[in-house]
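# My questions concern the predicted model and sequence given below.
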Amino acid sequence: MPARLRRSLALRLLALAAIWLAAALGGSGWLLSTLFERHVNDTYVRQLDHQLASLAAALDWSASGKLVLTRAPADPRYELPYSGAYWQARAPGALLRSRSLWDTEMPAAVERRLAGTQAEVRPGPNDQSLLVVSRRLVLASADTPVEVSVALDRTELRAARRSFNRMLAWSLTALGLGLMLAVAAQVKFGLAPLARLRRALATMQSRREARLGGDWPTEVEPLVSEINALLARNAQALERSRRQAADLAHAVKTPLAVLANESAALPGSAASAVAAQVEAMRRQVDRHLARARAAGAAGARGMRTEAGPAVRELVRALSRLHAARALALEVEGNGHFAGDRQDLVEMLGNLLDNACQWARTRVHITLREAGGELEILVEDDGPGMPPEVRELAAARFGRLDEAAAGSGLGLAIVTEIAAMYEGSLALATSPLGGLSARLRLPAGLP
């Protein structure tokens with residue numbers, strides 16, 4: 001069985017229906033053709049029986065002992081040579097035959113007998129195939145038996161059968177095509193809930209909903225229930241993962257803080273070395289915990305965060321932090337994010353902090369929502385970033401120590417958290433002269 005047929009329910013149903021219809025219509029065609037042939041044969045045999053009875057009534061023995069025909073048959077074809085209608089009467093020493101036989105006799109050889117009748121198929125003159133009915137009779141005027149035979153050419157019968165079979169074939173073909181169209185419509189209608197289920201799943205994913213709703217047929221409802229149960233179990237597992245990540249953060253950061261405090265008591269160079277290692281460990285822990293927490297949040301459903309207020313809150317905090325530099329932080333637009341607010345704040349905080357660190361006088365943030373996507377553009381008028389460093393800084397899951405100076409840990413974390421939500425971060429040169437960071441995230445649909 002072809003792989004495509006094994007995978008497709010619709011093709012399986014259509015193939016099974018096609019096989020069944022071909023067998024059913026083929027069998028029906030054979031049966032109808034056989035019944036029609038039998039009906040025509042029976043009609044011809046009854047006609048020959050009538051003609052034989054009429055001919056027997058016209059036969060008699062003359063006073064001189066000859067077999068004579070008292071009146072001519074009514075069918076004019078008996079007078080035309082090789083017309084296809086023939087009769088013959090034979091008795092010992094006597095033979096009468098129709099003019100249509102001309103100088104031949106009724107053939108005695110039998111090709112086959114028709115089932116259920118006394119008729120026979122015999123070869124005739126001019127390569128004709130004859131349907132023959134014969135009777136052995138005893139006339140009232142004498143005891144000598146007379147064999148009377150009447151025959152008709154089967155050409156018309158075979159032509160009628162061919163015409164019927166041709167019409168039957170066209171009719172059954174049209175019926176088969178019509179039934180296949182009906183089956184295709186039935187299959188499409190019957191499998192429509194599966195297509196609707198696929199669209200509902202896609203919509204649920206785009207809206208990041210936690211449950212698959214709607215009314216479903218009885219046969220599909222158990223599948224929908226299982227999907228909802230699976231989503232609920234996944235949500236619970238993800239929530240446990242987030243709690244474990246938070247617990248791990250507390251468990252690891254406390255020993256790191258103790259190490260940092262203890263390192264202060266060491267001699268100068270040793271204290272600096274230990275402090276640097278502790279800071280590197282803290283940054284690594286922060287990075288991987290952020291990834292773990294974002295992975296849990298990105299898998300959760302039904303979240304919808306207002307991006308505008310989160311951005312403006314960060315802008316107010318950074319304005320106070322960089323008050324001495326008198327930076328102009330501008331926010332334009334609004335939108336929604338299909339994810340956890342804390343993850344959005346973490347991504348935007350890293351982008352805005354990086355922009356504020358390198359900007360000379362101005363940072364501009366633009367929010368746009370279109371086509372199910374939230375775009376956040378952060379631009380500054382700083383020195384910018386070389387293209388080769390941008391690639392390292394914005395690489396998905398890039399290591400911290402591979403980021404160029406100035407890009408720092410923040411851009412790598414932004415890239416990774418965005419990837420958890422199937423989003424992206426692209427770095428380019430801003431029209432303001434500095435770096436342009438374009439963050440694309442799924443939008444929270446209403």
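On my side now, so go ahead.

# Only C-alpha atoms from now on, for both contacts and neighbour counts.
OK.

# Please compute how far stretch 139-153 lies from its chain's middle.
Stretch 139-153 sits 73 Å away from the centroid of its parent chain (CA atoms, centre = their mean, to the nearest Å).

# How about residues contacting it?
48, 51-52, 56, 59-61, 84-92, 106, 124, 128-138 (CA atoms under 8 Å, 6 or more residues apart in numbering).

# domain assignment for the protein?
Taking automatic domain parsing as the criterion, the chain consists of the domains 11-161, 223-298, 305-442.

# Indicate which one of these is closest to Gly214.
domain 223-298 (9.5 Å; CA to CA).

# same question for that closest one, mean pLDDT?
The pLDDT scores in domain 223-298 average 71.

# Same question for stretch 99-106.
Stretch 99-106 comes out at a mean pLDDT of 86.

# cool, stretch 63-71 as well?
Averaging pLDDT along stretch 63-71 yields 83.

# list the helices and strands the longest helix belonging to the chain packs on?
Secondary structure of the chain per DSSP state H: the longest helix is helix 155-207. Packing partners of helix 155-207 (3 or more CA pairs under 8 Å, 6 or more residues apart in numbering; DSSP states H and E): helix 9-58.

# Against which helices or strands is the helix or strand just after the helix it packs on packed?
On the C-terminal side of helix 9-58, the nearest following helix or strand under DSSP states H and E is strand 59-61. Helices and strands in packing contact with strand 59-61 are listed as strand 67-69; criterion 3+ CA pairs under 8 Å, 6+ apart.

# Give the buried residues for the strand it packs on.
Buried residues in strand 67-69, counting neighbours by 16 or more other CA atoms under 10 Å, are found at Leu67, Leu69.

# who's in contact with the closest residue to Thr305 other than its chain neighbours?
Sequence neighbours aside, Phe337 is the residue nearest to Thr305 in space, at 5.0 Å (criterion: CA to CA, 6 or more residues apart in numbering). Neighbouring residues of Phe337 by CA under 8 Å, 6+ apart: Arg304, Thr305, Glu306, Ala307, Leu344, Leu374, Leu441, Pro442, Ala443, Gly444.

# Contacts only, for Thr117.
Counting by CA under 8 Å, 6+ apart, the residues that Thr117 touches are Asp42, Val45.

# Let's verify it: helix, strand, or coil?
The three-state label given to Thr117 by DSSP: H, G, I helix; E, B strand; the rest coil is coil.

# Same question for Leu425.
strand.

# Okay, and the beta partners of it?
Note on Leu425: beta-bridge partners Leu439, judged by DSSP bridges.

# Roughly how far does the nearest residue to Leu318 once chain neighbours are set aside sit from Leu266?
Spatial nearest neighbour of Leu318, chain neighbours left out: Asp353 (7.4 Å); criterion: CA to CA, 6+ apart. Between Asp353 and Leu266 the distance, using CA to CA, to the nearest Å, works out to 33 Å.

# Between these two, which has more neighbouring residues?
Taking neighbours as other CA atoms under 10 Å, Asp353 and Leu266 compare with Asp353 leading, 18 against 13.

# ok now the helix or strand containing that one, how far from the chain's centre?
If you go by DSSP H and E, Asp353 is part of helix 341-358. Distance of helix 341-358 from the chain centroid (CA atoms, centre = their mean) equals 45 Å.

# So which elements touch that helix?
Partner elements for helix 341-358 (3+ CA pairs under 8 Å, 6+ apart): helix 307-321, strand 373-380, helix 408-420.

# which of the residues in it are buried?
Per 16+ other CA under 10 Å, helix 341-358 contains these buried residues: 341, 343-356, 358.

# Then stretch 218-238?
By 16+ other CA under 10 Å, the buried positions in stretch 218-238 come out as Val224, Asn228, Leu231, Ala232, Asn234, Ala235, Leu238.

# Repeat that for stretch 173-185.
In terms of neighbour count (16+ other CA under 10 Å), stretch 173-185 has its buried residues at Gly176, Met180, Val183, Ala184.

# now stretch 46-61
Leu48, Asp49, Gln51, Leu52, Leu55, Ala56, Leu59, Asp60, Trp61.
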